[in-house]
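Student: Here is a sequence with its predicted model. Questions after.
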Amino acid sequence: MKRGTLNSVMVAMAATVTLASAAHAGGLERGGHNIDQLFDTSRFTTDATAAYVSPQRKLKNAVDTNATNGLGSNGIGGGTTTANDTEAYWVPRIGFKAAVGNAIDCLGDYSQPYGAHSAPGANWVGANSNIETKITSDSFAATCSYKVDAGKGQFRVIGGVSHLEVSGFKTRLVAPIPGAGVGRLDLSGSGIGWRAGVAYEVPDIALRASLMYYSEVQLDNITGTLDLTQLTAGLGGNPLAGRATPVFGATAMPDSLELKLQSGVAPGWLVFGSVKWVDWSQLQTIAFCPTSTRALGCRFGAANQATSLDLLYRDGWTVTGGVAHKFNDMLSGSAAITWDRGTSTGIGTQTDTWTFGAGAAYTPNENVQIRFGGALGVLTSGSSGTVTNSQGTFGNEVSYSFGNDLVAAISLGAKIKF
């Protein structure tokens, strides 16, 4: 096997196990951003990876702290004080890389960088806070680099653009007794982002250092519907009760900065690591207002606000370190540990996560590579309840706690080079 092929196998192996380890990161992050395929030494490559993630967050000791906006301790037909909060999900990614001459490489890829799915159901005492919330995303990106010789290696300048589409919904119990019903908020929006960075490589020793910045993506025209048709029309003086109302709003998906390092340390051995910061703290409260009041704008606390999504996130940090090893010409393996700082600030379940991942790569020839990976992690314990800040009081519908829960992930990937 060629030395360059060995390097690419071990680098790809490191990327696969990192995906499995970090797929359940804080905020709304799932697959995040990844341009590792851009560095492949082959002229053309097609790469596809999918990770299946199963978080097991369980809520307990729930108390309905605001019985006036729901059914009190009765929930909807149950009123349990426990609930299974999280749902399993897939994280896909597919990319095509092409070299243009000896200096330019370009990568086009599809991924789902953001998402969330919380579904405690309608029968717990926190139904007036959340029955089900789901967010999905689709990202289409193009990234190119220009490289020049520098010392023993090569220096790259990297840049690109992306188109992001985000959609989702939330259902919860709304309105005071009598006349309570389930309300649903459906939303979608899109925006354009950019990325830029630099990298330095010494292929002979599989050394690479890269620093990438991914811009925020402005979602300036989020549109959707607030469906309150289950409520009695005009209930409690609410003009939106009893009908479905088109709504609008705006926010931005956060910018991020990521440093990645890797190097061969002995024949057949590679160490790697990364540090990533994500500006999740810009997602605090997102207001939505009736489309008929668009001329007034829409901001949190305004008189025309119909509803809001209250996240109250803080910045996210993710740190990963690991090692990869070539066992023979066809089989390589890697292992990694990842720490992700939780983004919750008193409401929600986004606490620190520790994950341990391992994987293997099977390379029957220089043109085909198949990768397997898995991870097992701990979602650390915490609690959620009332939080008061400069914008107001949040999380006063329900309080609950949660213990140390498990998250498991598996991943499968394949690459074809030609």
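Tutor: Perfect, thanks for sending it.

Student: I'd like to know which helix or strand in this structure has the lowest mean pLDDT.
Tutor: One helix or strand of the chain scores below all others by mean pLDDT, DSSP states H and E: helix 3-22, with a mean of 60.

Student: Tell me which residues are up against the very next helix or strand once past it.
Tutor: The C-terminal neighbour of helix 3-22 among helices and strands, as given by DSSP states H and E, is strand 44-55. Identification of contacts with strand 44-55 by CB atoms under 8 Å, 6 or more residues apart in numbering yields 12, 16, 19-20, 23-24, 30-31, 37, 40, 86, 88-99, 371, 373, 379, 405-418. C-beta coordinates here come from the backbone N, C-alpha and C atoms, glycine included.

Student: Mind doing that once more with 7 Å?
Tutor: Contacts with strand 44-55, where a contact means CB atoms under 7 Å, 6 or more residues apart in numbering, come from 16, 19-20, 23-24, 37, 86, 88-98, 379, 407-418.

Student: what do you get for stretch 410-418?
Tutor: 12, 16, 19-20, 42, 44-52, 366-374.

Student: Buried residues in that stretch, which are they?
Tutor: 410, 411, 412, 413, 415, 417 (16 or more other CB atoms under 10 Å).

Student: between those residues, which is closest to residue 319?
Tutor: Nearest to residue 319 among these is residue 411, at 19.7 Å by CB to CB.

Student: Whichever strand or helix holds that closest one pairs with which strands, parallel or anti?
Tutor: Per DSSP H and E: residue 411 is located in strand 405-417. Strand 405-417 pairs in its sheet with strand 44-55 (antiparallel), strand 368-379 (antiparallel), by DSSP bridges.

Student: which residues of the stretch 101-250 of the chain score low on pLDDT?
Tutor: By pLDDT under 70, the low-scoring segments of the stretch 101-250 of the chain are 175-179.

Student: show me where it has strands.
Tutor: All strands of the stretch 101-250 of the chain, identified by DSSP state E, counting those that start in this stretch, fall at 104-111, 116-118, 132-150, 153-174, 181-202, 207-214, 217-227, 244-253.

Student: Check what contacts the second one and list those residues.
Tutor: Residues outside strand 116-118 that contact it (CB under 7 Å, 6+ apart): 28, 85, 86, 87, 89, 130, 132, 133, 134, 135.

Student: now swap in the first one and tell me
Tutor: Strand 104-111 is contacted from outside by 31, 35, 37-38, 93-100, 139-146, using CB under 7 Å, 6+ apart.

Student: try 8 Å
Tutor: Here strand 104-111 has contacts from 31, 33-35, 37-39, 92-100, 138-147, 160, using CB under 8 Å, 6+ apart.

Student: ok, of those residues, which come out buried?
Tutor: Neighbour-count burial (16+ other CB under 10 Å) applied to the contacts of strand 104-111 gives 31, 33-35, 37-39, 93, 95, 97, 138-139, 141, 143-145, 147, 160.

Student: how close does the residue nearest to residue 43 when sequence neighbours are not counted sit to residue 157?
Tutor: Sequence neighbours aside, residue 99 is the residue nearest to residue 43 in space, at 4.5 Å (criterion: CB to CB, 6 or more residues apart in numbering). Using CB to CB, to the nearest Å, we find residue 99 at a distance of 16 Å from residue 157.

Student: and what of residue 125?
Tutor: 55 Å.

Student: How about residue 90?
Tutor: For residue 90 relative to residue 157 (CB to CB), the value is 34 Å.

Student: cool, residue 266 as well?
Tutor: When distance is defined by CB to CB, residue 266 is 31 Å away from residue 157.

Student: So for those two, which sits in the more crowded spot?
Tutor: Counted by other CB atoms under 10 Å, residue 266 and residue 157 do not tie: residue 157 has more neighbours, with 13 against 8.

Student: ok now do that one, which residues does it touch?
Tutor: Contacts here follow CB under 8 Å, 6+ apart; on that basis residue 157 touches 145, 146, 147, 198.

Student: mind running it again at 6 Å?
Tutor: Contact analysis of residue 157 by CB atoms under 6 Å, 6 or more residues apart in numbering lists 146, 198.

Student: One more: residue 158?
Tutor: So residue 158 contacts 145, 197 (CB under 6 Å, 6+ apart).

Student: Would you map the strands across the stretch 301-418 of the chain?
Tutor: Under the criterion DSSP E, counting those that start in this stretch, the stretch 301-418 of the chain contains strands at 307-310, 316-326, 331-340, 353-365, 368-379, 382-384, 387-389, 392-394, 398-402, 405-417.

Student: show me the contacts for residue 381.
Tutor: 403, 404.

Student: Likewise for residue 254?
Tutor: So residue 254 contacts 216, 278, 279, 280, 282 (CB under 6 Å, 6+ apart).

Student: For the stretch 301-418 of the chain, which residues score under the pLDDT cut-off?
Tutor: Using pLDDT under 70, nothing in the stretch 301-418 of the chain is flagged.

Student: give me the number of residues near residue 297?
Tutor: Neighbours around residue 297, by other CB under 10 Å: 12.

Student: Name the nearest residue to it, ignoring sequence neighbours.
Tutor: In space, residue 297 is closest to residue 289, 7.9 Å off (CB to CB, 6+ apart).
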